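Colleague: here is my input; please provide its structure:
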Amino acid sequence: MEGLNNTTIAAISTAMSDAGIGIVRMSGPESFSIADKVYRGKREKSLVNQKTHTIHYGYVMDGEAMVDEVLVMLMKGPHSYTGEDTVEINCHGGVYVVKKILELLIDRGARPAEPGEFTKRAFLNGKLDLSQAEAVGDLISSRNQYAHQSSVNQLKGNIKNKISEIRNEIIYHTAFIESALDDPEHISVDGYGEKLLITVENLMGQIRDLVDTYDNGRMIKEGIRTVILGKPNVGKSSLLNALLGEERAIVTEIAGTTRDVLEENINLKGISLNMIDTAGIRDTEDIVEKIGVERAKEYAEQADLILYVIDGSTPLDENDQEIFRLIGHKKSIILLNKSDLDTVVTEEKVKKLYFASNPSISEKEEIKKFTIPVISMSAKENVGIDVLEETLKVIFFEGNLSFNDEIYITNVRHKTALQDAFSALERVKDSIHSGMPEDFYSIDLLDAYESLGYITGEKIGEDLVNEIFSKFCMGK
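Modeller: Below you'll find the predicted structure:
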């Protein structure tokens, strides 16, 4: 990363497609002078001599040939996204036009930006911490309103502020212990272990609470891994089509039509579902169908949510019993489909078969405590979909997600760093209980402090920085 800010980078910051507007961005010490080499204003003014945060109307020229009519925005560092001198050329959005302007800037002295390099420079120049920089990428790729709001809050610094608060508490106690060890005549640590223990347990509780948000955070960001299970011909593919609003899965009257998994992403009222339609589960001698059934079972093991579709017009049997065993304690919703026909399956029958299929559960729980939602619906008539949507919110996010004070950990890197910090504090706690000398406390306190620093980027290597930003889109 040495010498990174001595170069001027350029990239197209808008999508490469025909559009009304395109933006070509430059950042670095030569941004203004390079822009001057291709820009011609009506009054022949030099961009280098203009005030920061101003917009100038003129033309991009290739020698004496006009390339496009443009607006050029000037932002002098450190008051820019990257903290460096930055120029954004707003032109017409044709693919040829933006590529031509980028080629001219590179020809005049800029170099092509690497993926995420603008945001990397913002991080290296102290405009963003690493958690905020990662939130930029998450914001761009957000697929639902919850993922968007979570990314916005992270970009505003909710994770940064919380981690800083915990680190400040840790470093305060570390500094006190180190000072006392250096100057025992004036600073006493008598009984300090008991006082520190209260702080450590409090911090461990805060970190545990953050780690516990990860499962919901991951589902907010990536979507809920949702597997549709059921016997053949119960309406699994019809359900997928109803949720998608299009005929994506093949639907026939022939049992076993779906022989392999079909994956789709669906957005239901702000919640993303990574839907997997599976082969109907039943005993079969068909080799291909048998492979499909085994895959269905494997996907069920990895699912965040199982949508178990039952044909309400036909009696439950041993295949349903096998599916109930697969479900166990997993988050599930049972859908009594084909409510438009004469139904023979009731919620009471579903409960009885569930507990009969899971004797270890039935020994501990009464039928009245049955917690799996049962929804009557008709995929064919599109009835019950709204109830399914509301039920999803309840079982995953307790009805509503509050982003006012709530922090959601959505990044596995953050989760790992938090777990490492928790383990270090646990060692501090063990040392206090064992009556170890105070210098043992400070060693593990510093480990916790450094682990949390990986989240904000205060303790991180160049290779990891490069890896993180390589996943960003070009021009951001």
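Colleague: in which helix or strand does the closest residue in space to Phe422 that isn't next to it in sequence reside?
Modeller: In space, and not counting its chain neighbours, Phe422 is closest to Ile207: 4.8 Å by CB to CB, 6 or more residues apart in numbering. From N, CA and C alone the C-beta is placed, and that goes for glycine too. Assigned by DSSP states H and E, Ile207 falls within helix 192-212.
Colleague: so which bits of that helix are buried?
Modeller: For helix 192-212, a neighbour-count test (16 or more other CB atoms under 10 Å) marks Tyr192, Gly193, Leu196, Leu197, Thr199, Val200, Leu203, Met204, Gln206, Ile207, Leu210, Val211 as buried.
Colleague: for the chain, name the helix or strand with the lowest mean pLDDT.
Modeller: helix 359-362 (a mean of 70; mean pLDDT, DSSP states H and E).
Colleague: got a list of what Lys269 touches?
Modeller: Glu389, Lys393 (CB atoms under 8 Å, 6 or more residues apart in numbering).
Colleague: any idea how far Ser31 is from it?
Modeller: Distance of Lys269 to Ser31, computed by CB to CB, to the nearest Å: 44 Å.
Colleague: before we move on, what about Asn233?
Modeller: 64 Å.
Colleague: the more surrounded of those two?
Modeller: Comparing Asn233 with Ser31 by other CB atoms under 10 Å, the one with more neighbours is Ser31, at 30 against 20.
Colleague: ramachandran angles for Ile21?
Modeller: Backbone torsions of Ile21, given as degrees, to the nearest 10, read phi -130, psi 140.
Colleague: kindly state the beta-bridge partners for it.
Modeller: His92 (DSSP bridges).
Colleague: and for it, the neighbour number?
Modeller: 11.
Colleague: I figured it hits His92, correct?
Modeller: Yes: with contact defined as CB atoms under 8 Å, Ile21 reaches His92; the gap is 7.2 Å.
Colleague: follow-up on the earlier one: contacts for the helix holding Ile207, please.
Modeller: 162, 166, 169-170, 173, 176-177, 180, 407, 409, 415, 418-419, 421-422, 425-426, 428-429, 432-433, 435, 438, 441, 448.
Colleague: which strands and helices lie in contact with the strand or helix carrying Lys393?
Modeller: Using DSSP H and E, Lys393 falls within helix 385-397. Applying 3 or more CB pairs under 8 Å, 6 or more residues apart in numbering; DSSP states H and E, we find helix 385-397 packed against helix 214-222, strand 262-268, strand 271-277, strand 305-311, strand 332-337, strand 374-376.
Colleague: direction included, what does the fifth one pair up with?
Modeller: Based on DSSP bridges, the pairing partners of strand 332-337 within the sheet are strand 305-311 (parallel), strand 374-376 (parallel).
Colleague: one more: the second one?
Modeller: Strand 262-268 has the following strand partners under DSSP bridges: strand 271-277 (antiparallel).
Colleague: wasn't Lys330 part of a strand?
Modeller: No: counting by DSSP: H, G, I helix; E, B strand; the rest coil, Lys330 is located in no strand; its state is coil.
Colleague: show me what contacts it?
Modeller: Ala300, Ala303, Leu305, Ile306.
Colleague: any figure for the gap between it and Tyr354?
Modeller: 12 Å.
Colleague: need the longest helix for this protein.
Modeller: Counting residues, the longest helix found in the chain (DSSP state H) is helix 158-182.
Colleague: and that one, what's buried?
Modeller: 158-160, 162-164, 166-167, 169-170, 173-174, 176-178, 180.
Colleague: give me the lowest-pLDDT entry from these.
Modeller: When those are sorted by pLDDT, the bottom entry is Ala180 at 83.
Colleague: which SSE is the residue nearest to that residue when sequence neighbours are not counted in?
Modeller: Sequence neighbours aside, Ile187 is the residue nearest to Ala180 in space, at 4.0 Å (criterion: CB to CB, 6+ apart). Using DSSP H and E, Ile187 sits in no helix or strand.
Colleague: ok, now which ones touch Ile187?
Modeller: Phe176, Ser179, Ala180.
Colleague: first-to-last residue distance for stretch 454-463?
Modeller: End-to-end span of stretch 454-463 (CA to CA, to the nearest Å): 13 Å.
Colleague: cool, and stretch 321-338?
Modeller: 20 Å.
Colleague: average pLDDT across it?
Modeller: 87.
Colleague: before we move on, what about stretch 432-445?
Modeller: 89.
Colleague: hmm, back to that, and the least confident helix or strand of the chain, what's buried?
Modeller: Buried, per 16+ other CB under 10 Å, within helix 359-362: nothing.
Colleague: identify the residues contacting it?
Modeller: With CB under 8 Å, 6+ apart as the test, helix 359-362 has contacts from Gly328, His329, Tyr354, Phe355, Ala356.
Colleague: off-centre distance for that helix?
Modeller: Averaged C-alpha coordinates place helix 359-362 at 36 Å from its chain's average position (CA atoms, centre = their mean, to the nearest Å).
Colleague: equivalent analysis for stretch 411-419, please.
Modeller: For stretch 411-419, the gap between its own C-alpha mean and the chain's C-alpha mean amounts to 13 Å (CA atoms, centre = their mean).
Colleague: could you do stretch 28-37 as well?
Modeller: Mean-position distance between stretch 28-37 and its chain equals 36 Å (CA atoms, centre = their mean).
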